[in-house]
Structures are given as C-alpha cells and as structure tokens.
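# Test case, fold it:
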Amino acid sequence: MTLVERVREALSGFGPMREVEMPGGVVFEWDGDALAGVENGVLRVRVEDGWAAVPDHADLSDVTRRAADVVIAECVARWHEDLRALGPDAHRAMLALVHHDPEREQLQRILLGCTTKPELRELAVTCLGHMGRLDREVLPEVVARLEELLDDPELGGAAEDALDEIESRVYPFRLWRRHSVPWVILAPPGDAEIARQLALVGDPDVVVVVPHAETLPSLPEHVRKLCKEVAERTHGDPGLHFVLEYNGDIVALQPLLHDEDQTAVFEEPYLLVW
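Numbers count the residues shown, from 1 in each chain. Have a look, this model is predicted:
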C-alpha cells in the first residue's frame, strides 16, 4: 500500500475528503482546508502553528486525528463568523456547527437567538431538534422556546418536529408527551431516565416507581390493572403513571401486553403501555 493510500485510509472516518493533485503528490482537504499532504514520498500534516513532517514510523491514525482536530477547530471559528455575518453561507455554517462545534451549550444558546432572525429562524428550530437527537441532552430553555413556537403559523410544524426529536432521545418517557402518554413504563433497573423524570416532575403522586417488577406474580395482569387505574384517575389526560423497573427481557413482554384493548410499544430500552 502506498503512502497516499495509507493516508487516505486513515482519513476515511472524517467524512468527505477532497484530494487535490500537486506536483509530486496530493493534498487532502476537509471543507476547503488543507489537512495533510504527501509530496515526494513525505507526509506533512497540519499542526497548530503550521505544518509538520511525519516520521515513517508514526501512527497515521493518531497523526491524522490530531491534524483533523486543528483543521476542525479552524473551521468552527470560520463557521461562527459566517453565522454572525448572516450572509449566504450562514445556513451551511449552522448545519456544520451542529455536527462539529464542541461547545454544545453555547451553540444551543446561539441557535435560540437565531429563532428570532427571519432568515435563519426555521433552520435554527430544526437544528435544535438535531442537537437533541445527537447529544441526548438540551438546555431547559430549548424545550420552553420550542413549545412557545408550536402556535406560530410559520414555525409550528418545525417546532413540533424538533420537540419530537428531543423527546424521543432526551426524555424518552416524558410525562407530558404530546402524542401519547404512556401509563405504564417498563425500564431497565437503575435506568438514569427514572431519576431524571422524578427530578423533573417532583411529585410522588404523579410518578410511581415499582422496583423489582420481575418478581410480581402475573405481571401482565398487574400491568393491566395499573393501566385501568390510570385511565380511571386521569380520564386519559397527562397525569399519574407507573414506572416498573424490570430486570429481564423487556422486549419479550411486548406481545404479552399488546392486544385490542391495550397498546404496548417498545422504544429501546423501554416498553410503553397505555
């Protein structure tokens, strides 16, 4: 395998890489920035203060990763400038930042500010949803802002889609899901979402956690009784629900709990029943 082929293989995980031929070799560019180059059998890569030749014995995966970090940091700075300028490259810059900006909370706040800018507001809403899907975490003000926009005649649809992305990844069995409220949730023992939801809701009369549900006799019948209790007490509105910590094969329970009178949906790693 030639040096160019080895470098190409080492860079394959960084997304589309443009190869530009030059006298005696080739330059590898990422988003228009030169990242590495092979000239007359010598590999040179980007470093913070310019370029450095790479010894023959070097680990190409490590060398190219560090070079990519330098280039991506430069690109992130440029994308922020493009976004602030609100010019023709602002949309592309926003999308790129969602995938590559390491300062995630700062970027969420920037996107929140962009939801008031006519030329960027729809894409900013969409990108907030993408960040929830990618990071599985968003600032509370992101959800609040998206809920404000649900009634916006222009952005309501985009806000609803973004909330769906966030709710499915960040709050997988959130009490106030808008499309359907699970009455009984079977979750792996010790799952972080149980503690997260209890902290969010802060009301023991709303969320009831049942540990060691696998020890309950006739579990399917027990779940049916809980669903009936929720339906009677809440009349179908968001309210009381039960979280059962189940140490076993949750997927195998789905066909036992799903029939014409009751819906059971598996959304990894949870089984939602209503």
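
# can you map out the strands along the protein?
Secondary structure of the chain, counting by DSSP state E: strands at 18-22, 25-30, 33-39, 42-47, 50-53, 184-187, 207-210, 241-245, 264-267, 270-273.

# Including mean neighbour count and mean pLDDT, could those go into JSON lines?
Any C-beta I mention is one placed from the backbone N, CA and C, and that applies to glycine too. Listed next are these as JSON lines, based on neighbours: other CB atoms under 10 Å; pLDDT from 0 to 100:
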{"stretch": "strand 18-22", "mean neighbour count": "11", "mean pLDDT": "90"}
{"stretch": "strand 25-30", "mean neighbour count": "19", "mean pLDDT": "92"}
{"stretch": "strand 33-39", "mean neighbour count": "20", "mean pLDDT": "92"}
{"stretch": "strand 42-47", "mean neighbour count": "19", "mean pLDDT": "92"}
{"stretch": "strand 50-53", "mean neighbour count": "11", "mean pLDDT": "92"}
{"stretch": "strand 184-187", "mean neighbour count": "26", "mean pLDDT": "90"}
{"stretch": "strand 207-210", "mean neighbour count": "16", "mean pLDDT": "80"}
{"stretch": "strand 241-245", "mean neighbour count": "22", "mean pLDDT": "87"}
{"stretch": "strand 264-267", "mean neighbour count": "16", "mean pLDDT": "87"}
{"stretch": "strand 270-273", "mean neighbour count": "24", "mean pLDDT": "89"}
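
# Reformat those as JSON lines; add distance to residue 155.
Output for the strands of the chain, formatted as JSON lines (distance: least, CB to CB, whole Å):
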{"stretch": "strand 18-22", "distance to residue 155": "35"}
{"stretch": "strand 25-30", "distance to residue 155": "33"}
{"stretch": "strand 33-39", "distance to residue 155": "34"}
{"stretch": "strand 42-47", "distance to residue 155": "40"}
{"stretch": "strand 50-53", "distance to residue 155": "45"}
{"stretch": "strand 184-187", "distance to residue 155": "31"}
{"stretch": "strand 207-210", "distance to residue 155": "31"}
{"stretch": "strand 241-245", "distance to residue 155": "30"}
{"stretch": "strand 264-267", "distance to residue 155": "26"}
{"stretch": "strand 270-273", "distance to residue 155": "28"}
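
# closest to residue 95 out of those strands?
strand 25-30 (15.5 Å; CB to CB).

# so what strands line up beside the closest one?
Strand 25-30 has its sheet partners listed here by DSSP bridges as strand 18-22 (antiparallel), strand 33-39 (antiparallel).

# how distant is the last one from the center of its chain?
The reference is to strand 33-39. Once both centres are worked out by CA atoms, centre = their mean, to the nearest Å, strand 33-39 turns out to sit 32 Å from its chain's centre.

# Between strand 42-47 and that strand, find me the angle.
Calculated by axes from the mean of the first three to the mean of the last three CA atoms, to 10 degrees, strand 33-39 forms an angle of 160 degrees with strand 42-47.

# Residue 96 is in contact with residue 127, correct?
No - with contacts counted by CB atoms under 8 Å, residue 127 stays clear of residue 96, the gap being 10.4 Å.

# which of these two has more neighbours?
Comparing residue 127 with residue 96 by other CB atoms under 10 Å, the one with more neighbours is residue 127, at 24 against 19.
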